[in-house]
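In: Need coordinates for the below:
(one chain, ligands or ions: 1)
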Amino acid sequence: MESNKKQWGSHFGFLMAAVGSAVGLGNLWGFPYKMGSHGGFAFLVIYLVLAVFVGYVIMMGELTIGRRSGKGAIGAYKEISEKYAIVGWMAYICPYLILSFYSMLGGWCLRYAVANIGNLFDASWGTAGQDSGTFFTNLYLSQSTSTIYTVIFIVLTALIVMGGVSGGIEKFSKYAMPALFFMLIIVIIRSVTLPGAVEGLKFMFKPDFSVFQGMGWLSVLASAGGQMFFSLSLGMGIMITYGAYLPKETSIEKSSLIIPACDTLIALMAGVAVMPAVFAFGMEPGGGPGLLFVTLQAVFAEMGAIGPVFGFILYFLVFIAAITSSISLLEVSTAVLTDRAEAKGQVADRKKITLINTAIVLVLGIFVSLDGLGTYFPQILGQPDWLDSFDLISEGILMPLGALITSLILGWGLGGDWLEEEIAQNGNKFSSKGFTVFCLRFIAPIGMVLILAGQINSFFGLGWF
Ligand code: PHE
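Out: A predicted model of the protein is given here:
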């Protein structure tokens, strides 16, 4: 039965799915601004070093844990040792939490794509003459609109996941990712040919070593590390799950290089698409929701008659980036429940399992939307809104902690030979064995502790560095 087939159909398909998971909102609204405000080219160098010494080795570790066990996060850690099941549980919980707010943000992208089409016809369902700040405020304050788009996003995610690993996730990613790339190029061409665009390129690329003064370098390192780690979708069972569907002849080593390379390339391209336009229209650069939902929409409004066309392309592109990430999130819990059913000797019903997970995500996602970015519900965990509270538990604590423990298990517990047994099969070599083990033992744990500290520091505004 197609829906129970648990293997990628092709190496390209797997890569597109994994790159699709990695490329998301983080690449578009996180990377360009962080790079520009944290040292430009100097930030990029640090980011790349971290991606190689920490990202590459943890990615390889997760893919290996997954393929070796052929199971989802909990089962895969259990296979190593019963006592590590807790790490699997930590990874299993995160996707529910992340999906709850990621779906709302993805839904908003859809709303913006629709609004830009509306603007082409001066329709009432466009931005209807409101400035972009007002349009955004009205969107998140409207519990009904925000919830409807969140639900649409979750349902679309569920439909793709229901289609199966190769019939749904892979098939979608195989077309969506090249389409995203193509759309990004169109936006880049428009952006860099605007008068004054060069200021945006300077903002992103000009090396600024002053950010390293005093304790500054620690904050650059933590910011680059946090960005790298979230952007590569590590520490939450995604690469374990996607690794479980890999055939034995695929080179895990090469894939672990290609995925971060593509992710970084797209993050850089996103910066080149966005920052020159922001500067060309004399707007303040920024990051996060403000950049995506306020500044950029203002840019499209300024562009004249062609603005809504580029607006639609950009928001649709971000929507695709978000949905290929959200399907990877939903697949983590799908795999865990599938393992559970199979362990009981049942035939896992993918549709039923996806429906159960979707119901959980719907409840959480609707709560986050109804919160209206902290307008309607009481604060929890000292965060301004529920989005940040859920983000704190997952991205702030459980994910970096899980990745830290994983690097220790791999580096000190299992060791290079264990990894080699799985990686060097069917004629594949494990050429970076010495490097990988060294990094997993020393550099990745130190990096992950710093990233964890950086996350707690920024969520609670502690001003440590
Ligand atoms: N990597 C995605 C991004 O850059 C986000 C993500 C994180 C997706 C964790 C899934 C899991 O936005």
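In: Please, which helix or strand holds Leu268?
Out: helix 252-280 (DSSP states H and E).
In: Enumerate every residue touching Leu296.
Out: By CB atoms under 8 Å, 6 or more residues apart in numbering, the contact set of Leu296 is 132, 274, 277-278, 311, 314. From N, CA and C alone the C-beta is placed, and that goes for glycine too.
In: For the residues you listed, which entry has the maximal number of neighbours?
Out: Neighbour counts for the contacts of Leu296, by other CB atoms under 10 Å, peak at Leu314, which reaches 30 neighbours.
In: Give me every residue in this protein lying close to the ligand.
Out: Neighbours of the ligand within the chain, by CB under 6 Å from any ligand atom: 21-22, 24-27, 98, 230-231, 233, 236, 238, 325, 328-329.
In: ok, 8 Å please
Out: Selection of the chain residues close to the ligand by CB under 8 Å from any ligand atom yields 21-28, 30, 94-95, 98, 102, 230-234, 236, 238, 263, 321-322, 325-326, 328-329, 395, 399.
In: among those, which ones are buried?
Out: Taking 16 or more other CB atoms under 10 Å as the criterion, what is buried in the residues of the chain next to the ligand is 21-28, 30, 94-95, 98, 102, 230-234, 236, 238, 263, 321-322, 325-326, 328-329, 395, 399.
In: Which ones among these lie within helices?
Out: Judged by DSSP state H, the subset of these located in helices is 21-22, 25, 94-95, 98, 102, 230-231, 238, 263, 321-322, 325-326, 328-329, 399.
In: How confident is the prediction for Asn4, by pLDDT?
Out: Looking at Asn4, its pLDDT is 46.
In: Same question for Ile185.
Out: Here the pLDDT value assigned to Ile185 is 97.
In: quick one: the residue nearest to it when sequence neighbours are not counted and Ile86, what's the gap?
Out: Take Ile185 and drop its neighbours on the chain: the residue closest to it by CB to CB, 6 or more residues apart in numbering is Met269, 7.7 Å away. Met269 sits 39 Å away from Ile86, going by CB to CB, to the nearest Å.
In: Now the helix holding Leu268: buried residues?
Out: Across helix 252-280, burial judged by 16+ other CB under 10 Å covers 252-253, 255-257, 259-260, 262-264, 266-280.
In: what's the next secondary structure element after that helix?
Out: Once the chain leaves helix 252-280, the next helix or strand it forms, by DSSP H and E, is helix 288-289.
In: Pull the residues that contact that following helix.
Out: Outside helix 288-289, the residues within contact range by CB under 8 Å, 6+ apart are 29-30, 33, 105, 136.
In: go on, stretch 386-396?
Out: So stretch 386-396 is in contact with 93-94, 97-98, 100-101, 104, 230, 236, 364, 367-368, 371, 373-374, 377, 379-381, 383, 455-456, 459, going by CB under 8 Å, 6+ apart.
In: Need phi/psi at Gly9.
Out: Dihedral pair for Gly9: phi -80, psi -30, per degrees, to the nearest 10.
In: Could you check how many residues crowd around it?
Out: By other CB under 10 Å, 16 other residues sit near Gly9.
In: can you pull the contacts of whatever residue of the stretch 301-450 of the chain ends up closest to the ligand?
Out: Using CB to the nearest ligand atom, the closest approach of the stretch 301-450 of the chain to the ligand is made by Ser325 at 3.8 Å. Going by CB under 8 Å, 6+ apart, Ser325 touches 20-25, 102, 233.
In: how about the residue nearest to Thr264 when sequence neighbours are not counted, what does it touch?
Out: Nearest residue to Thr264, sequence neighbours excluded (CB to CB, 6+ apart): Ala51, at 6.3 Å. Ala51 makes contact with 228, 232, 260, 264 under the criterion CB under 8 Å, 6+ apart.
In: do the same with Thr150
Out: If you count contacts by CB under 8 Å, 6+ apart, then Thr150 has 103-104, 107, 365-366, 368-369 around it.
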